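Trainee: Test case, fold it:
(2 chains)
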Amino acid sequence: MNSVSLNTLKVGEQAFVDSLDFHASNRRRMQDIGLVDGTKVECLRKAACGDPVAYLIRGAVIALRNEDASKIFVIKQ
Amino acid sequence: MGLTVGSTGTKSMDTGLNIQKKNSNDLLIALGGNPNVGKSTVFNALTGMKQHTGNWPGKTVTNACGVHSRNGRNFILVDLPGTYSLFAHSAEEEVARDFICFGSADATVLVCDATCLERNLNLVLQTIEITPYTVVCINLLDEAKRKGINIDLKKLQQLLGVPVVGTNARKQEGLKELIDAVEKVCSAKIQNTAPIEYPSAIEEAVKPIESEIKHFDNLTVSPRWAALRIIEGDSSIIKKLYAEQSENKNIKASTYQAQKTLNRFGYDENTVRDKIAKAIVLKAEDIARSCCSQSADKKKSLDRKLDKLFMGRGGIPTMLLLLVFIFWLTITGANYPSQLLSNMFALLGEKLLWLFESINAPDWLTGALIDGVYRVLTWVVAVMLPPMAIFFPLFTLLEDFGYLPRVAFNLDHSFQKAGACGKQALTMWLVYF
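Mentor: Numbers count the residues shown, from 1 in each chain, chains lettered A, B, ... in the order given. Take a look at the predicted model:
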């Protein structure tokens, strides 16, 4: 299965985290909001201009900018 | 508690680390938690202080300190900045972590949002790993109930190995039980009963360092936690630990040994960090899954529908309409009380003028006090007070509905282009006003 960037998800789609292209403290920050490999992420809605995007991560709604979401790789169901 | 020179200005900024107890049986309690979980509400309810609470992150950047007294015993509460993690990558997290590690608090209270337990447990697990002298306060229980979320507090307590108390701080519910639990924790000699388990490579590497650190004097953090930070290569914590135990040869030797163990398993520093982060997140998931149950979910679907209105394509027009409506309400609504106030002040002014004339006050005094001070002051009050008394409650209402973070979400893109972020939109609203 190929992994894609999280920001390619359409509203309503779900995927599982595969890897993170973040380093040092930013990596930890992403892990702390629950983005470890295998975590289910659902794309909830996009802001009017498509950025940022709200994701459902482990029961919390979290907005990520596309700039950051593009560094999160996920595997679609 | 009034404002003093000491409590304001630069002195009030970083007093967090050296708070003094008045009596020897006073207890120093750190109050931590994720942003936006009602932590400041708990703090205010306990201390009777009016610290501003707000629905956006970063309200409490530096520590605030207050006192709760009961049966002649003072509980000195330190309100830590809200954080999601204790792995110091921002100023707030570093303040919070350093206070929990080295602030010599007798206990730490962690406030959690019952509507979103799993996310909050990450911080809880990290803190319990540092010190078992922790009480978990599950706040916003009523809101969780409304959302159909049920939390088994007894089971949570059993799984975490530390006392768990449910509260509704806004209604002052459960606070007495919370303080009871805190007092009990402080007087007990406790050990971490449910440590987080890491992959065997990490467990094996940690052991030799842990047993060296156990010999340190005045240990304020759990040896296991310190050992984990050392194999992770967290240099800031190593410095803080070594500051007291200057260059320790045994630690160096056992760190070297740990490194060899990790190499044998093919772990580098980054793998260790990833595995540790993952183990905590997965444990939080595990605990949340076995303690929370979700029944019918009516409110959530309503929430989502409202979100569609406020955050979808129509989000920005809706926001502008709302903003215009609020400004209209503020400006036209303020006219009436403004008129009333200025009439009243004018009447009072005439009386004052008459008083000054009757005591034959010199012209310069009448001019300075009545025309200068009185007129200017009353004019400002009459013009400024009514709009503020209307605008700020409305703003608070929007805050309570959770609308403000959604505004930030809508506007982030435009603000990003200006090198700012969506949260600053709220500041601009206020400035414009």
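
Trainee: top helix in the chain by residue count?
Mentor: Just going to use chain A. Scanning chain A for the helix with the most residues, using DSSP state H, yields helix A:24-32.

Trainee: Sorry, I should have been clearer: chain B.
Mentor: Chain B, longest helix under DSSP H: helix B:315-358.

Trainee: rewinding a little: follow the chain on from the longest helix of chain A and name the next helix or strand.
Mentor: Where DSSP states H and E defines the elements, the next helix or strand beyond helix A:24-32 is strand A:40-46.

Trainee: thinking again about what came up before, between the longest helix of chain B and strand A:40-46, how big is the angle?
Mentor: Orientation of helix B:315-358 against strand A:40-46 (axes from the mean of the first three to the mean of the last three Cα atoms, to 10 degrees) gives an angle of 70 degrees.

Trainee: low pLDDT regions in the chain?
Mentor: Since no chain was named, I'll use chain A. A:1 (pLDDT under 70).

Trainee: Oops, wrong one, chain B.
Mentor: Applying pLDDT under 70 to chain B picks out residues B:1-22, B:49-63, B:88, B:192, B:235, B:242-247, B:296-301, B:432-433.

Trainee: Report the residue ranges of every domain in it.
Mentor: With domains defined by automatic domain parsing, chain B comprises B:9-187, B:200-294, B:305-432.

Trainee: ok, the residue of chain A found nearest chain B - contacts?
Mentor: Taking Cβ to the nearest Cβ as the measure, the point where chain A comes nearest chain B is A:Ser25, at 3.4 Å. Just so you know, the C-beta spots here come from the backbone N, C-alpha and C atoms, and that holds for glycine as well. A:Ser25 is in contact with B:Phe87, B:His89, counting by Cβ atoms under 8 Å, 6 or more residues apart in numbering or on different chains.

Trainee: which bits of chain A sit near chain B?
Mentor: A:25-29, A:31-34, A:36-37, A:39, A:44-45, A:47-52, A:54, A:58-60, A:63, A:65 (Cβ under 8 Å from any Cβ of the partner chain).

Trainee: please redo it, this time with the cut-off set to 7 Å
Mentor: A:25, A:28-29, A:31-34, A:36, A:45, A:47-49, A:51-52, A:54, A:58-60, A:63 (Cβ under 7 Å from any Cβ of the partner chain).

Trainee: Buried members of these into ChimeraX, please.
Mentor: Per 16 or more other Cβ atoms under 10 Å in any protein chain shown, the buried members of the residues of chain A next to chain B correspond to this ChimeraX selection:
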select /A:28,29,31,32,33,34,36,45,47,48,51,52,54,58,59,60,63
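
Trainee: The domains of chain B: which one's closest to A:Thr8?
Mentor: When the domains of chain B are compared by Cβ to Cβ, domain B:305-432 sits nearest A:Thr8, at 17.9 Å.

Trainee: so how far is B:Ala64 from the residue nearest the centre of chain B?
Mentor: Centroid-nearest residue in chain B, with Cα atoms, centre = their mean: B:Gly82, separated by 3.2 Å. Separation of B:Gly82 from B:Ala64 (Cβ to Cβ, to the nearest Å): 12 Å.

Trainee: Now the common contact residues for those two.
Mentor: When Cβ atoms under 7 Å, 6 or more residues apart in numbering or on different chains defines a contact, no residue borders B:Gly82 and B:Ala64 alike.

Trainee: Excluding chain neighbours, give the residue nearest to the residue of the stretch 1-150 of chain B found nearest chain A in space.
Mentor: Chain A sits closest to B:His89 of the stretch 1-150 of chain B, with a gap of 3.4 Å, by Cβ to the nearest Cβ. Closest residue to B:His89 in three dimensions, ignoring its sequence neighbours and counting by Cβ to Cβ, 6 or more residues apart in numbering or on different chains: A:Ser25, at 3.4 Å.

Trainee: mind checking which helix or strand the closest residue to B:Pro208 other than its chain neighbours is in?
Mentor: Spatially, and ignoring its direct neighbours in sequence, B:Pro208 is nearest to B:Ser254 (4.0 Å; Cβ to Cβ, 6+ apart). Using DSSP H and E, B:Ser254 sits in helix B:249-264.

Trainee: Counting by contacts, list what that helix packs against.
Mentor: Packing partners of helix B:249-264 (3 or more Cβ pairs under 7 Å, 6 or more residues apart in numbering or on different chains; DSSP states H and E): helix B:200-213, helix B:223-232.

Trainee: 6 Å instead?
Mentor: Helix B:249-264 is packed against helix B:200-213, with contacts defined by 3 or more Cβ pairs under 6 Å, 6 or more residues apart in numbering or on different chains; DSSP states H and E.

Trainee: tilt between the helix it packs on and helix B:249-264?
Mentor: Put simply, helix B:200-213 runs at 180 degrees to helix B:249-264, going by the same axes, to 10 degrees.

Trainee: tell me which element the residue of the stretch 301-433 of chain B found nearest chain A is part of?
Mentor: Across the stretch 301-433 of chain B, no residue is closer to chain A than B:His413, which sits at 4.6 Å (Cβ to the nearest Cβ). Take DSSP H and E as the rule and B:His413 turns out to sit in helix B:403-417.
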